[in-house]
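Chemist: What follows is a predicted structure for the sequence shown.
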Amino acid sequence: MITVDSLTRTYGAFTAVDDITFTAEAGRVTGFLGPNGAGKSTTMRIMVGLTPATSGRVEINGQRFADLPNPGLDVGVLLDASAQHAGRTGREILTVAQRMMGLPARRVDEILDLVSLTETEANRRVRHYSLGMRQRLGIATALLGDPGVLILDEPANGLDPAGIRWMRDLLRGYADGGGTVLLSSHLLHEIEVIADDLVVIGQGRIVAQGTKAELLRSAGTVVRTADVPALATALTAAGLGFVPSTATGGTDALRVDADPAAVGVVAQRAGLALAELRAAEGAGLEEMFLELTADTQREGAAA
């Protein structure tokens, strides 16, 4: 379990992480989402002692990372797959980690097999690895000590579709076996498929958290019509909140904070023909993410 309690990190007048609190539970995959610069990587670096917190606390299974006697046996970490010694082979990198953790030498071969790095690839220098191979090596290093907690920042970056499916199955099996997985990714579909819980962060603050099912259910209703201004007027008169919807990829849809039946009644009374009316949960995680973080997106801010 990972417990984040009132965590804050400031750099002068800039607040990168602003009083966030959440828990990643054992036996579950927690998706950690947010736009670039939202504070995800800073939070993960604080978790594993690479960046000090200004205030607040992070505990992993009840202990600070710095107090763990042999951290690799408790926490597997992948924050940057490119941060590996380019002049060493994959096997050498894993062997150094294996010796530091006091593990038997056979563990290196076991983990190479688990992440599907061949003997030839394992004996190749990392400078000659593709990004996908570096990701597999990074995941191998994280899993080497058979830890109970995984903290992974963009682990699918550079993997091909088969590799993404492999990683998804690996992490799902890890959580189903009782492990804790905290997973950051910009591949929202992959998060939607694998995650049990979601924590959404924007401008250093948590904007939503809960189970995936709860957050998607709370997304409201997507409604599409040829006369959006008239629908907006009718919804406002009925006291229903709404925002433009990203679900259809156009400008003819709204997401309304009400159930479909209520929205349908408003449209009927206004004499409006609807091209679409459905629960917004069908739009999936991408729409929810974009709407929750609209004010913190780089593109949105520029606009």
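Modeler: Ah, there it is.

Chemist: helix, strand or coil for residue 80?
Modeler: coil (DSSP: H, G, I helix; E, B strand; the rest coil).

Chemist: which one is it nearest to, not counting chain neighbours?
Modeler: residue 153 (7.2 Å; C-beta to C-beta, 6 or more residues apart in numbering). Backbone N, C-alpha and C define where each C-beta goes, glycine included.

Chemist: In this model residue 40 seems to touch that neighbour, though I could be wrong.
Modeler: Yes. Shown here, residue 153 and residue 40 form a contact pair, counting by C-beta atoms under 8 Å, at 7.2 Å.

Chemist: Show me whatever sits in contact with both of the two.
Modeler: Jointly contacting residue 153 and residue 40 under the rule C-beta atoms under 8 Å, 6 or more residues apart in numbering are residue 184.

Chemist: How about the closest residue in space to residue 259 that isn't next to it in sequence: which residues does it bridge to?
Modeler: Closest residue in space to residue 259, ignoring its immediate chain neighbours: residue 221 at 6.3 Å, by C-beta to C-beta, 6+ apart. For residue 221, the beta-bridge partners are residue 256, residue 279 (DSSP bridges).

Chemist: what's near enough to touch residue 221?
Modeler: Shown in contact with residue 221 (C-beta under 8 Å, 6+ apart): 255-256, 258-260, 262-263, 277-280.

Chemist: ok, now residue 220?
Modeler: 255-259, 279-280.

Chemist: what about it, distance to residue 251?
Modeler: 18 Å (C-beta to C-beta, to the nearest Å).

Chemist: tell me which element the residue in the chain sticking out farthest from the centre is part of?
Modeler: Distance from the C-alpha centroid of the chain, by C-alpha atoms, centre = their mean, peaks at residue 271 (42.3 Å). For residue 271, there is no helix or strand it lies in under DSSP states H and E.

Chemist: Report the separation between it and residue 236.
Modeler: From residue 271 to residue 236 the distance is 16 Å (C-beta to C-beta).

Chemist: just for the chain, where's the confidence low?
Modeler: Where the chain drops to pLDDT under 70, the residues are 217-219, 246-250, 281-288, 291-303.

Chemist: Strands of that one, residue ranges please.
Modeler: For the chain, applying DSSP state E gives strands covering 2-11, 14-24, 29-33, 55-60, 75-78, 149-153, 180-184, 197-202, 205-211, 221-225, 242-244, 253-256, 274-279.

Chemist: could I get these as a markdown table with distance to residue 120?
Modeler: A markdown table is the format used below for the strands of the chain (distance: least, C-beta to C-beta, whole Å):
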| stretch | distance to residue 120 |
| --- | --- |
| strand 2-11 | 37 |
| strand 14-24 | 37 |
| strand 29-33 | 32 |
| strand 55-60 | 36 |
| strand 75-78 | 23 |
| strand 149-153 | 26 |
| strand 180-184 | 30 |
| strand 197-202 | 39 |
| strand 205-211 | 43 |
| strand 221-225 | 50 |
| strand 242-244 | 52 |
| strand 253-256 | 51 |
| strand 274-279 | 50 |
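
Chemist: Looking at those strands, spot the one closest to residue 115.
Modeler: Between residue 115 and those, the shortest gap by C-beta to C-beta is with strand 75-78, which sits at 11.4 Å.
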